[in-house]
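**Q** With the sequence up front, the predicted model follows.
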Amino acid sequence: MEYLNFAVELARNAGDVLKHYMRGEKHVELKGRANLVTAADKEAEALIISRIRERYPHHSILAEESGASGPAGSSESGAGKWIIDPLDGTTNFAHQYPFFCVSVGYEEAGRVLCGAVYDPWRDEMFSGARGIGSFMNGERLRVSDAELLRSALIMTGFPYGFRDKIRTAMAQFEAFLVDSQAVRRGGSAALDMCYTALGRVDGFWEMDLLPWDTAAGLVIVEEAGGRVTDFSGQPFSIYGKQLLVSNGRIHEEMVEVLRKCQMGI
């Protein structure tokens, strides 16, 4: 619980930074054609890193804006690693579209043990830890009971470099539009995962995500009874490039949709 409580504290404190900037000047910079960074990203990340350094100086950190840091070899030796995204959904944030969050995950010996995802706009704190469960503002989370893909609401996202994979991305999007009840594109993978854990949606898929997008959400979904794999249904790694999340009941149908897309069926 120590690391979970700290993750929640970090996410909320960084969320307060985002609140300060939400309706004001964002100071947007471009890291790529569709990849933005704002003053809020940088300030929130600096706050999280400084707090981790103060409390756990022997831990390593993997952060979206500043990359990997910490004692050499700390991850390999089994010491903890904090995996953070200070602002997941930066494009939404820059346009004042209310779907963004802070994500803080904690990994030890290659396994994500706990995490917190905070949506400052709605003041919704998602959290979870292995063997403890997952929660939203203290209420226990459970995935939906949707049994069939045709009655399911699915979420997705497009990677920043999706223009280079437009045919693949759109083939998957079209296939799920046809086979599900509806598809939504939110723009924050961490929140998409948490919405699956909460049962607001029934599943989520995306390619080319990075560890800070998925670390906290992984624990939250699995502790809510959901399933997380790659597109073929194999075990998921936060360092992999394919993410498929569901309530478990519709998972095999989602795998089959993605298999047919890969085969061009």
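**A** Yep, that arrived. Numbering: from 1, shown residues only.
**Q** I238: what's its closest spatial neighbour, skipping adjacent residues?
**A** P211 (4.3 Å; CB to CB, 6 or more residues apart in numbering). C-beta coordinates here come from the backbone N, C-alpha and C atoms, glycine included.
**Q** what's the burial count for that neighbour?
**A** When neighbours are counted by other CB atoms under 10 Å, P211 registers 20.
**Q** Any figure for the gap between it and L4?
**A** 18 Å (CB to CB, to the nearest Å).
**Q** now swap in C261 and tell me
**A** C261 is 37 Å from L4, by CB to CB.
**Q** next one: G248
**A** From G248 to L4 the distance is 23 Å (CB to CB).
**Q** neighbour count winner among these two?
**A** Ranked by neighbour count (other CB under 10 Å), G248 and L4 place L4 first, with 21 against 18.
**Q** pretty sure that one is touching F126, no?
**A** No: judged on CB atoms under 8 Å, L4 makes no contact with F126 at a distance of 11.7 Å.
**Q** Could you tell me which residues touch both of the two?
**A** A116 (CB atoms under 8 Å, 6 or more residues apart in numbering).
**Q** Which helix or which strand is home to the residue nearest the centre of the chain?
**A** Most central in the chain under CA atoms, centre = their mean is A190, positioned 2.2 Å from the mean C-alpha point. Assigned by DSSP states H and E, A190 belongs to helix 189-198.
**Q** Mind exporting the C-alpha coordinates of that helix to PDB?
**A** Provided in PDB are the C-alpha atoms of helix 189-198 (Å, rounded to 0.1, in the frame of the first residue of the first chain):
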ATOM      1  CA  ALA A 189      -4.900   5.600 -23.600                       C
ATOM      2  CA  ALA A 190      -4.600   5.600 -19.800                       C
ATOM      3  CA  LEU A 191      -8.200   6.900 -19.400                       C
ATOM      4  CA  ASP A 192      -9.400   4.500 -22.100                       C
ATOM      5  CA  MET A 193      -8.000   1.600 -19.900                       C
ATOM      6  CA  CYS A 194      -9.500   3.000 -16.800                       C
ATOM      7  CA  TYR A 195     -12.900   3.400 -18.500                       C
ATOM      8  CA  THR A 196     -12.800  -0.200 -19.400                       C
ATOM      9  CA  ALA A 197     -12.000  -1.100 -15.700                       C
ATOM     10  CA  LEU A 198     -14.900   1.100 -14.600                       C
END
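**Q** Please compute how far that helix lies from its chain's middle.
**A** 7 Å (CA atoms, centre = their mean, to the nearest Å).
**Q** Can you identify the element that follows that helix toward the C-terminus?
**A** Past helix 189-198, the next helix or strand by DSSP H and E is strand 203-207.
**Q** Just want the angle from the helix or strand just after that next one to helix 189-198.
**A** Moving toward the C-terminus from strand 203-207, the next helix or strand (DSSP H and E) is helix 211-223. In terms of direction (axes from the mean of the first three to the mean of the last three CA atoms, to 10 degrees), helix 211-223 departs from helix 189-198 by 0 degrees.
**Q** Skip ahead from helix 211-223 and say which helix or strand is next.
**A** Next element after helix 211-223 (DSSP H and E): strand 227-229.
**Q** helices and strands around that next one, which ones?
**A** helix 211-223, strand 242-246, helix 251-263 (3 or more CB pairs under 8 Å, 6 or more residues apart in numbering; DSSP states H and E).
**Q** Out of those, which gets nearest to I61?
**A** Minimum separation from I61 across the helices and strands packed on strand 227-229 (CB to CB) falls at helix 211-223, 10.3 Å.
**Q** how much does the closest one deviate in direction from strand 242-246?
**A** Using the same axes, to 10 degrees: helix 211-223 against strand 242-246 is 30 degrees.
**Q** Name all residues that make contact with the residue lying closest to T214 once chain neighbours are set aside.
**A** Excluding the flanking residues, the one nearest T214 by CB to CB, 6+ apart is I238, at 4.9 Å. Counting by CB under 8 Å, 6+ apart, I238 makes contact with I83, G105, E107, V112, P211, T214, A215, L218.
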